[in-house]
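> Have a look; sequence and predicted model below, questions after that.
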Amino acid sequence: MDQRPSSRLSGFYRQSLEQRLATVADWAGLDDADLAALRAGLSVEQANHLVENALGLFALPLGLGVNFLINGRDYLIPMAVEEPSVIAAVSNAARLARAGDGFRAGSSEALMIGQVQLLQVPDPQRAEQAILAAEPRLAALIDPLHPSLRRAGGGFRGLEVRHLPDTPAGPMVIVHLLLDCRDAMGANAVNTAAEAAAPLLEALSGGRARLRILSNLSDRRLAWASCQIPLHAFASDAVEGAQVAAGIVEANAFAWADPYRAATHNKGIMNGIDPLAIATGNDWRALEAGAHAYAARDGQYRALTDWRLLTGEEGEPALAGRIELPLAVGIVGGATKAHPTAQAALKILGVTSARQLAEVMAAVGLAQNLSALRALAAEGIQAGHMALHARHVALAAGAPPDLVEQVAAQLIAEGQIRAARAAEILATRADD
Ligand code: MEV
């Protein structure tokens with residue numbers, strides 16, 4: 001495994017924009033073209049080739065999550081997101097996780113599911129047998145459609161038959177075609193396979209094929225991440241680490257028991273995952289759909305993470321967290337290739353496979369969740385937002401870097417975070 005500098009970039013947020021670009025260029029070996037892509041990204045001309053009826057561009061801030069240690073390797077995380085606090089929060093959680101050697105992450109094979117819906121099947125059980133027996137024929141039909149996938153070691157991996165006996169449109173037989181998509185997200189390959197297989201499936205079942213499309217509940221393409229953080233890492237002047245960790249466990253139990261809370265809990269997880277998906281040119285709507293469907297897999301919508309206290313019988317007491325979710329992402333094809341910023345983002349990440357990207361994403365989701373639960377269980381979420389807001393207001397009022405923190409602290413202490421007040425504070429300091 002290659003050795004990279006530590007991603008623990010203390011005080012990165014205090015650097016100027018130019019300094020930050022220089023730091024990351026140095027860290028990740030970026031060239032001028034990469035830096036230009038980070039600054040400006042897609043051109044209108046490129047956008048015009050990507051979508052129909054193009055008018056222009058819609059920009060999002062691109063920032064950097066720092067401090068990540070995943071499977072013993074340092075990562076910087078490019079994140080495209082407009083919501084303040086997300087990047088600061090995830091970086092904070094990643095710093096906390098370093099107290100327990102960071103994150104462990106893993107993933108399954110990149111198996112995508114293509115669905116073929118068969119209607120008016122005269123004998124669903126016989127159809128199932130005939131379809132399952134035709135697996136070699138389906139492989140022979142599907143694999144030649146995807147030579148590059150085959151060259152990369154992927155391709156058709158098998159099939160499943162499911163029965164929906166009671167729907168308003170009558171009984172249905174649903175065939176799942178499984179394709180290993182390797183480093184591609186795979187939507188095109190899967191949809192092509194489903195369409196190509198449909199006539200043979202009609203002949204085998206005696207039914208009529210209707211939909212032929214991938215499933216976004218890609219539960220054969222999972223990624224997971226975990227961490228174990230010693231309780232002392234959560235301690236502050238105001239509160240003991242054990243108390244914060246107990247609050248996180250209580251928050252977790254709430255999200256497992258109540259879908260209203262679980263939706264917000266999982267939204268917080270996607271606060272980390274979506275910005276990384278966007279920055280790398282991946283389809284974040286697909287990830288959202290997969291994550292939420294997976295969260296409801298046992299019939300009740302639940303949290304995608306789990307947090308437990310480890311009592312410390314085998315060492316220091318710790319908080320253990322785990323996430324598992326479908327993450328159908330690619331590092332080749334689609335916007336990943338077409339978007340210059342996505343290319344630069346992948347270079348910063350330094351991932352060499354889609355599975356590795358999914359593993360990093362799972363760790364980022366777990367860290368984002370940790371940061372939200374930690375804040376919610378301790379001081380509440382607004383304190384952090386206010387601190388950041390106050391810093392922004394101080395900066396906007398012209399505070400020099402060495403005064404930003406002091407001015408922000410005074411704005412918070414006075415309970416009025418306004419540009420006019422920040423300017424007054426700065427003026428009095430200039431008079432001093
Ligand atoms: C806000 O964008 C996300 C949170 O609401 C997540 C959560 O409540 O766990 C803070």
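Cool, got the structure. Predicted model only: the values in this text are computed from it and were never measured. Numbering: from 1, shown residues only.

> ok, how many other residues are close to the closest residue to the ligand within the stretch 51-200 of the chain?
Closest contact between the stretch 51-200 of the chain and the ligand, by Cβ to the nearest ligand atom, is at E83 (5.9 Å). The way it works is simple: take the backbone N, C-alpha and C, and place the C-beta from them, glycine included. E83: 12 surrounding residues under other Cβ atoms under 10 Å.

> Does it touch M270 like I think?
No - counting by Cβ atoms under 8 Å, E83 sits too far from M270 to count as a contact (11.1 Å).

> Mind telling me which residue of the stretch 151-300 of the chain is nearest the ligand?
G268 (2.7 Å).

> And for that residue, nearest residue in space, chain neighbours not counted?
A372 (4.0 Å; Cβ to Cβ, 6 or more residues apart in numbering).

> How many residues are close by the one you found?
Neighbour tally, A372, other Cβ under 10 Å: 26.

> same check, this time on G241
G241, neighbours per other Cβ under 10 Å, totals 19.

> Need the pLDDT of it.
pLDDT, G241: 92.

> Please list all residues in contact with it.
G241 makes contact with P230, L231, H232, A233, F234, A235 under the criterion Cβ atoms under 8 Å, 6 or more residues apart in numbering.

> coming back round to it: let's verify the residue of the stretch 151-300 of the chain closest to the ligand: helix, strand, or coil?
helix (DSSP: H, G, I helix; E, B strand; the rest coil).

> Could you do S148 as well?
helix.

> measure it to G333 for me?
In this view, S148 and G333 are 9 Å apart by Cβ to Cβ, to the nearest Å.

> Those two: who's more crowded?
For S148 versus G333, the count of surrounding residues by other Cβ under 10 Å is larger for G333: 18 against 12.

> Surely that one and R182 touch.
No - judged on Cβ under 8 Å, G333 makes no contact with R182 at a distance of 10.5 Å.

> picking that back up, next one: phi and psi at the residue of the stretch 51-200 of the chain closest to the ligand?
With angles defined as degrees, to the nearest 10, E83 sits at phi -80, psi 120.

> in which helix or strand would I find the residue nearest to it when sequence neighbours are not counted?
Excluding the flanking residues, the one nearest E83 by Cβ to Cβ, 6+ apart is N271, at 6.7 Å. For N271, the host element (DSSP states H and E) is helix 259-279.

> could you say what helices and strands the next helix or strand after that helix packs with?
Counting by DSSP H and E, the next helix or strand C-terminal to helix 259-279 is helix 284-295. Secondary-structure packing of helix 284-295 (3 or more Cβ pairs under 8 Å, 6 or more residues apart in numbering; DSSP states H and E): helix 259-279, strand 318-326.

> Counting neighbours, which bits of the helix or strand following helix 284-295 end up buried?
Sequence order places strand 305-310 as the next helix or strand after helix 284-295, per DSSP H and E. Across strand 305-310, burial judged by 16 or more other Cβ atoms under 10 Å covers T305, D306, W307, L310.
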